[in-house]
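A.B. asks: Need a 3D model of the sequence below.
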Amino acid sequence: MSLAVWAVIVSLIVINALYVAAEFGAVGVRRSRIKRMSDDGHRLARVLLPHIQDPKGLDRYVAVSQIGITLSGLVLGAYAQATVAVSLAPRLTDWFALDSSAAVSAAAISVLLVLTAVQVVLSELIPKSLALQFPTQVALATVMPMRWSLAAFGPFITVLNGSATGLLKLVGVDAGTHRHIHSPDEIELLIVESRDGGLLEPDEHRRLHRALRLGLRTAGDLMVPVSKLTMLQVDTPWEEVVQVVASSPFSRLPVYRETPRDIIGTLRVKDLVYHYVVDGQGSPLETLVRTMVRVPATLSADRVIGLLRERRAHQAAVTDSVGHVVGLVTIQDVVGAFLDPVGSRTEGPA
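C.D. replies: Presented below is the predicted three-dimensional model:
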C-alpha cells in the first residue's frame, strides 16, 4: 500500500474525531463564557455564539456533527475495504494457505475489527474526553470547520430534521431540542468539581452550595412565627403605640385587626414619627398602615426574594393553605439562610 492510502485513512480518522469533539464541545461549553469572550472581541467566540445561544441553532450544529461522523465513518470503512483489505487478501493466502474467497473474507473481517477499534479509541473516546475536559477550547478550535460544514450540509439538515420530527410525531413524541440545562444535583457536582480543581476557594464553594440549596427551602421554613412577632392591634391607643414603638428595636411592625393571624399591613416607624412631629398627637393608626405582600408558606426561598424585589417590598406575610397568616418573612431571613446554613432568625421584622 502506498503512503497516499494511509494518508487518506488518517485524514478520515481525524475528520471523524473533529466532528465528535465539535459535538461534545458545543453541548458542554458555557454560553455565558462564550458571550463574555464575544463581547471582549474574541473572533472565534463571535462565530460560535449564534450557534449555541439558540436551541434550534444548537440542534443544527449537532445535526451537522452527526452527519459528519456518519459520512466520515462510512467513507473510511468503504475506502479501507477497497484498499487495505484488497492488499491484505493475497498476503493471507500466502501466510495461511487460504483460497482466494476465504482470504478476501478474512481480510475484510480483520480490517473491520481493527478499524473499529482504532475509530473507537482515536475518533470517539479521546476527542470526547478532551471536549468534556476543555469544552471552551475545543468548541472554539472546531467552530470554523463546523461553519463550513453547516454551509455544505445545510439542505440535508432541514430534510433530516424535518423527517425525524415527523416520525416522532407519528408515535406521539415531541421533538426535543439540545439545550444547556442542568439539574440542581448536576450543578452541585459541577461546583464540587470546580472546588476540587482549584477554581473555587472553600468559602466560595460554601456560598454557592448554600445558594443552590436555598431553592429547596420555603417561606414556611424561614419565616418568624406569629407568636414571636412584635405586633400592634389596629385600634391600639396612640400613647400605647408610641410606647411599643419606642421599646422595639424594629423599624416595621405588623398590624392586625382582631387576631394576630389577621394581619392587615405594616407600620413603618418613620411614618409614625413624621405624623407625630407634624400632627402632634398623630393620625389614627389605621391611616398609617401600609399594605403587606402575602406569600404562601410553600413558596421557595429564591422565589420569595424575586417577589419581594419585584414588589419593592422588605417583608411579606406568610399564609397557610386557607389564607391565614402564620408568620412573617423578611429579606434578612432569606439572606441569613444563605449566609448561615443553620439559619439565625430574628424575633420580629427589621
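A.B. asks: So in the protein, where's the weakest helix or strand by average pLDDT?
C.D. replies: helix 184-196 (a mean of 65; mean pLDDT, DSSP states H and E).
A.B. asks: Domain-wise, how is this structure divided?
C.D. replies: The chain is divided into the following domains under automatic domain parsing: 3-170, 184-214, 219-339.
A.B. asks: pLDDT of the last one, averaged?
C.D. replies: Looking back up the chat, that one is domain 219-339. Averaged across domain 219-339, pLDDT comes to 83.
A.B. asks: centre of the chain versus that domain, how much separation?
C.D. replies: Chain-centre distance of domain 219-339: 35 Å, with Cα atoms, centre = their mean, to the nearest Å.
A.B. asks: follow-up on the earlier one: can I get the domains of the chain in CSV with mean neighbour count?
C.D. replies: For the C-beta atoms, the positions are set from N, CA and C on the backbone; glycine is no exception. Converted to CSV, the domains of the chain look like this (neighbours: other Cβ atoms under 10 Å):
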stretch, mean neighbour count
domain 3-170, 16
domain 184-214, 13
domain 219-339, 16
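A.B. asks: In a strand, residue 326, correct?
C.D. replies: Yes: counting by DSSP: H, G, I helix; E, B strand; the rest coil, one finds residue 326 located in a strand.
A.B. asks: That one contacts residue 261, doesn't it?
C.D. replies: Yes: with contact defined as Cβ atoms under 8 Å, residue 326 counts as touching residue 261 (7.2 Å).
A.B. asks: overlap in contacts of these two?
C.D. replies: Both residue 326 and residue 261 are contacted by residue 226, under the criterion Cβ atoms under 8 Å, 6 or more residues apart in numbering.
A.B. asks: what are the ranges of the helices in the stretch 1-150 of the chain?
C.D. replies: 3-28, 31-39, 43-52, 55-80, 86-96, 100-118, 126-133, 135-170 (DSSP state H, counting those that start in this stretch).
A.B. asks: contacts for the fifth one?
C.D. replies: With Cβ under 8 Å, 6+ apart as the contact definition, helix 86-96 has outside contacts at 1, 98-100, 103-104, 106-107, 110-111.
A.B. asks: do that again at 6 Å, thanks
C.D. replies: Outside helix 86-96, the residues that touch it by Cβ atoms under 6 Å, 6 or more residues apart in numbering are 1, 98, 103-104, 106-107.
A.B. asks: try stretch 113-133
C.D. replies: Under Cβ under 6 Å, 6+ apart, the answer for stretch 113-133 is 13, 16-17, 20-21, 24-25, 28, 80, 138.
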